[in-house]
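In: Sequence plus predicted model, see below.
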Amino acid sequence: MTDARSTAWDTYSQSKPQRRKTNAKGETTWFNWTQYPDHGPRADVLRLNPGDSALDLGCGSGGNAAHLATLGMKSVGIDLSAKQLDKARVRWPGVDGMELHQADALTYLRNTFTIFDAVYSVFGAAWFTDPGLLLPIVHANLKPGGVFAFSQRPPVEGCYGCQASYIPRGPEEDPAVVKRWDYEPDVWALILKEHGFVDVSASVLAPPPGSRRTGTLFVRGVQGGQGRGTGPNRRKPSTGTQQDSRWGNGVVRP
């Protein structure tokens, strides 16, 4: 894959250590939504049962996907970075029920024939893909009642919409640039509802006790069963719609 983003995420992978052998509870696999170890909700927010299928958009080194596989789910992880996927295969060689693919999220979702019980992203593709493109196709690839959930860093106040992330590549090279999408929780909730998701919740999870102050944005919605990717309240932007600074460029307030 020659996508420039793949090279950027390959570079990023070099700065990320392998997941620990065990967590604080002594578990060998676990689900982690936040940037802090042993903190935040667990996999049960996905409402999965053994035999259900789940897709990790931006699985990295595969820790969350591996955990779902050990619980009996059909766990699929995709990532742009070949190096991240190599780390996943080294770290989880004996886990049955887990598939790993190097792929772009939009391309994979357009080409797969699988309709998933849950789709999720932990600091992954949901952060780095235009929601106007991603949400309809996630909705289309979820079973009615299926859960879509994602986590990422909260936005910087006043910096909304498409933003730039810079990934260092060494002293002799310019940093790699990847796009990300940042909104306040209430705006994310509106965006998901616009794309047919129901029972939507969006909030910033507080960090664990200590000196750290940055929480984790956590967004969750349920496939409303209203068709393939076009919710009943989906609106098209019009020239007469008022712009809201919380939405950033290209997104219009309902």
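Out: Everything's here; your move. Keep in mind the model is a prediction, meaning the values are calculated, not measured.
In: what mean pLDDT would you report for stretch 25-43?
Out: Per-residue pLDDT over stretch 25-43 has a mean of 95.
In: Over to stretch 166-177?
Out: pLDDT averaged over stretch 166-177 gives 81.
In: Kindly check the end-to-end length of that stretch for me.
Out: Length of stretch 166-177, first residue to last, C-alpha to C-alpha, to the nearest Å: 5 Å.
In: Tell me the buried residues in that stretch?
Out: Neighbour-count burial for stretch 166-177 flags 167, 169, 176 (criterion: 16 or more other C-beta atoms under 10 Å). Just so you know, the C-beta spots here come from the backbone N, C-alpha and C atoms, and that holds for glycine as well.
In: same deal with stretch 41-60?
Out: Of all the residues in stretch 41-60, those buried under the rule 16+ other C-beta under 10 Å are 41, 43, 45-46, 48, 52-60.
In: ditto for stretch 78-87
Out: Applying a neighbour-count criterion of 16+ other C-beta under 10 Å, one finds 78, 79, 80, 81, 83, 84, 85, 87 buried in stretch 78-87.
In: Which one of those is nearest to residue 99?
Out: Proximity of these to residue 99 (C-beta to C-beta) peaks at residue 78, which lies at 9.0 Å.
In: any residues touching the host helix or strand of residue 149, and which ones?
Out: In the assignment (DSSP states H and E), residue 149 maps to strand 142-152. Contact with strand 142-152 is made by 33-34, 40, 45-47, 57, 115-124, 126-127, 138-139, 180, 192, 197, 205, 216-225, as judged by C-beta atoms under 8 Å, 6 or more residues apart in numbering.
In: mind redoing it with 6 Å?
Out: 33, 46-47, 115-123, 126-127, 138, 216-223, 225 (C-beta atoms under 6 Å, 6 or more residues apart in numbering).
In: Buried residues, that strand. List them.
Out: With burial defined by 16+ other C-beta under 10 Å, the residues of strand 142-152 counted as buried are 142, 146, 147, 148, 149, 150, 151, 152.
In: okay if I get the buried residues of stretch 166-177 as CSV plus secondary structure and distance to residue 134?
Out: Shown next, in CSV, are these (DSSP: H, G, I helix; E, B strand; the rest coil; distance: C-beta to C-beta, whole Å):
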residue, secondary structure, distance to residue 134
167, strand, 21
169, coil, 26
176, strand, 21
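In: What is the most widely separated pair among the buried residues of strand 142-152?
Out: Most distant of the buried residues of strand 142-152, by C-beta to C-beta, are 146 and 152, 20.4 Å apart.
In: re earlier: hmm, which two among the buried residues of stretch 41-60 are most spread apart?
Out: Using C-beta to C-beta, the two most remote members of these are 52 and 60, lying 21.5 Å apart.
In: middle-most residue in this structure, spatially?
Out: The centroid of the chain falls nearest to residue 121 when counting by C-alpha atoms, centre = their mean (1.9 Å).
In: Backbone dihedrals for that residue, please?
Out: phi -150, psi 120 (degrees, to the nearest 10).
In: ok, it touching residue 57?
Out: Yes - Residue 121 lies in contact with residue 57 (C-beta atoms under 6 Å); the separation is 4.2 Å.
In: got the residue ranges for the helices in this structure?
Out: Along the chain, counting by DSSP state H, helices occupy 4-13, 63-70, 82-91, 105-111, 131-140, 185-194.
In: Buried residues, the shortest one. List them.
Out: Going back to what we said before, that points to helix 105-111. 105, 106, 108, 109.
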